[in-house]
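[1] coords please:
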Amino acid sequence: MNPSLPLATLLGHAADAVQAVRAGQSLNEALARCPDAARPGTQALSFEVLRKLGTATALRAQLVKKTPKPPIDSLLLAALALLLPPPEATDAGASDGTDAPSYAPHTVVDQAVQAIRKRHSGSAGFANAVLRRFVREREVLLASLAGDAVAQFNHPQWWIDRLRADWPGHWRAILAADNRRAPMVLRINQQRGSVDDYLTRLTQAGLPAQALALPAAVETEETVGATNVGPASAVVLQRPVPVNRLPGFDAGDVSVQDAAAQLAAQLLLADSPDLPRLPNGALILDACAAPGGKTAHLLEMSAAGACDVLALDRDVQRLRRVDDTLLRLGLQARTLAADAARPAEWWDGRKFDAILLDAPCSASGIVRRHPDIRWLRRATDIDALALTQAGLLDALWPLLKTGGRLLFCTCSVFKAEGEAQIDAFLQRQPDADPVLRPPSPGHLLPLADNPQNRGLPCTPQSDFFFYSLLAKR
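    Numbering: from 1, shown residues only. Next up is the predicted model:
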């Protein structure tokens, strides 16, 4: 956060960003309009507010009978959110040992009133009274929200209900995990150096970190006998830093990629007793490639010439990010702006040895990194996205060689975008079989201190993902 900018200024920008999200715009779009000098601090405040927006909205409804105009309302919500404990302090085992908010209450009140005075001087006294009342009556007001699920869990009601139905033993832990701050996980380019060597470089740069292993195949109710092998390239930093502080980032020695996302390349390229070995020069399709992290990892894990990767994305602007990523890393793949669901428009007739389908989804598994998602999604989105995913699976399956493999993945925690999606696909495609040795992880629920985990990975540094590796018989 820029120490030269007063909190009142940052609060104003954060309130604008939150107001845009409440109107249906993504946080990234809203932050793009923020002045460069204020953007890091605004993003940090916006994340904090969006993680507590359910509670803040419920409190504002108690404190103010009539909803203020949006610019004033957003500033009130931002201030109330900053007066609440950090998200980690709301979950047992996740607290850093203090309930203190990031700023002293009197500082938040003073700076919020200043920000409101700049927008509408006549509302400053009103805002001051509202915020000071909350500071005085905080415990009583918070206790009164005990029966309000949206205020308690800071997710929309439909989201909470869907999680309860999908994960009756895990839903509370999933919601709590969503409200934690996400760690910064790196992928070491092992064509350029080992993880141990890079850890040494990080230590020399004053950036404490540790290697991270995440099970690539885990025991669930359906698959027993997990293989505890994780991505050998994953490193988690003790504290996030700008990428320009990472040794060798511009040279392509390292990338930023969550540990769960790093499983994609490992699973697709893995040797399996149930599958023919991928041939040298294997033709691989990355069907929804942007922003290119998984494409790059596939190439990093392959020896020179070991695979021929075609990276597709329907969005030309996003495809440029794939090209930029490959250029930075010194890797080569063919990129094409095309809709994977319409092969007749782009496919040259050569069947693929392997296909990676990182399908469009609700992104409900990466809410820690994108806290606006929960407030942007609607209940109807899940079924619509599931239809899109099914269309992609059906369109791409005929492009796969007999004996080939397709890895389906989504960064979603909802079963309609994972387990239920694949179950339905297997009923439609009699020549499709799940690979059993080693088994795909299925739904990854990286929850800490959960006695009902039943073998699911307990690495809280990872995002929620779904993976299913299918073989074409």
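[2] Identify each buried residue in whichever helix or strand Arg320 is part of, please.
    In this assignment (DSSP states H and E), Arg320 forms part of helix 316-329. When burial is assessed from 16 or more other C-beta atoms under 10 Å, helix 316-329 yields the following buried residues: 319-322, 325-326, 329. Quick note: C-beta positions are derived from backbone N, CA and C, even for glycine.
[3] Return the member of those nearest to Gly24.
    Distance to Gly24 across those (C-beta to C-beta) is lowest for Arg321, with 23.7 Å.
[4] Tell me the pLDDT of that closest one.
    Confidence per residue is given as pLDDT, and for Arg321 that number is 96.
[5] Quick one: the buried residues of helix 316-329 as CSV, columns for distance to Leu407 too.
    Conversion of the buried residues of helix 316-329 to CSV gives the following (distance: C-beta to C-beta, whole Å):
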residue, distance to Leu407
Leu319, 20
Arg320, 25
Arg321, 21
Val322, 18
Thr325, 19
Leu326, 20
Leu329, 21
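[6] my read: Ala127 touches Gln114, true?
    No. Between Ala127 and Gln114 there is no contact under C-beta atoms under 8 Å: 9.9 Å.
[7] okay, the two: which has more neighbours?
    Under the neighbour definition other C-beta atoms under 10 Å, Ala127 and Gln114 were set side by side, and Ala127 has more, 24 against 17.
[8] quick check, the more buried one in a helix?
    Yes. Per DSSP: H, G, I helix; E, B strand; the rest coil, Ala127 lies within a helix segment.
[9] list the contacts for it?
    Remark: with contacts taken as C-beta atoms under 8 Å, 6 or more residues apart in numbering, Ala127 is in contact with 72, 75-76, 79, 112-113, 116.
[10] Make a markdown table from the residues you listed and add neighbour count and pLDDT to it.
    Written out in a markdown table, the entries for the contacts of Ala127 read as follows (neighbours: other C-beta atoms under 10 Å; pLDDT from 0 to 100):
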| residue | neighbour count | pLDDT |
| --- | --- | --- |
| Ile72 | 21 | 94 |
| Leu75 | 28 | 96 |
| Leu76 | 27 | 97 |
| Ala79 | 29 | 97 |
| Ala112 | 27 | 96 |
| Val113 | 22 | 96 |
| Ile116 | 28 | 95 |
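[11] Can you add secondary structure and give those residues back as JSON lines?
    Putting the contacts of Ala127 into JSON lines (three-state DSSP) gives the following:
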{"residue": "Ile72", "secondary structure": "helix"}
{"residue": "Leu75", "secondary structure": "helix"}
{"residue": "Leu76", "secondary structure": "helix"}
{"residue": "Ala79", "secondary structure": "helix"}
{"residue": "Ala112", "secondary structure": "helix"}
{"residue": "Val113", "secondary structure": "helix"}
{"residue": "Ile116", "secondary structure": "helix"}
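[12] What strand or helix carries Leu356?
    Applying DSSP H and E as the criterion places Leu356 in strand 352-358.
[13] for that strand, packing partners?
    For strand 352-358, the helices and strands in contact under the criterion 3 or more C-beta pairs under 8 Å, 6 or more residues apart in numbering; DSSP states H and E are helix 263-269, strand 282-286, helix 293-300, helix 379-396, strand 400-410.
[14] please redo it, this time with the cut-off set to 10 Å
    In terms of contacts (3 or more C-beta pairs under 10 Å, 6 or more residues apart in numbering; DSSP states H and E), strand 352-358 is packed against helix 263-269, strand 282-286, helix 293-300, strand 307-313, helix 379-396, strand 400-410, strand 465-472.
[15] Just put those in TSV and tack on mean pLDDT and mean neighbour count.
    Putting the helices and strands packed on strand 352-358 into TSV (pLDDT from 0 to 100; neighbours: other C-beta atoms under 10 Å) gives the following:
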stretch	mean pLDDT	mean neighbour count
helix 263-269	93	24
strand 282-286	97	24
helix 293-300	96	24
strand 307-313	96	23
helix 379-396	98	17
strand 400-410	97	22
strand 465-472	96	24
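[16] closest one to Gln157 among the ones you listed?
    Distances from Gln157 to each of the helices and strands packed on strand 352-358 were compared using C-beta to C-beta; the minimum, 9.1 Å, belongs to helix 379-396.
[17] quick one, that closest one and strand 400-410 angle?
    Orientation check (axes from the mean of the first three to the mean of the last three C-alpha atoms, to 10 degrees): helix 379-396 against strand 400-410 gives 160 degrees.
[18] what number of residues lie near Gly24?
    Here the number of neighbours of Gly24 (other C-beta under 10 Å) works out to 9.
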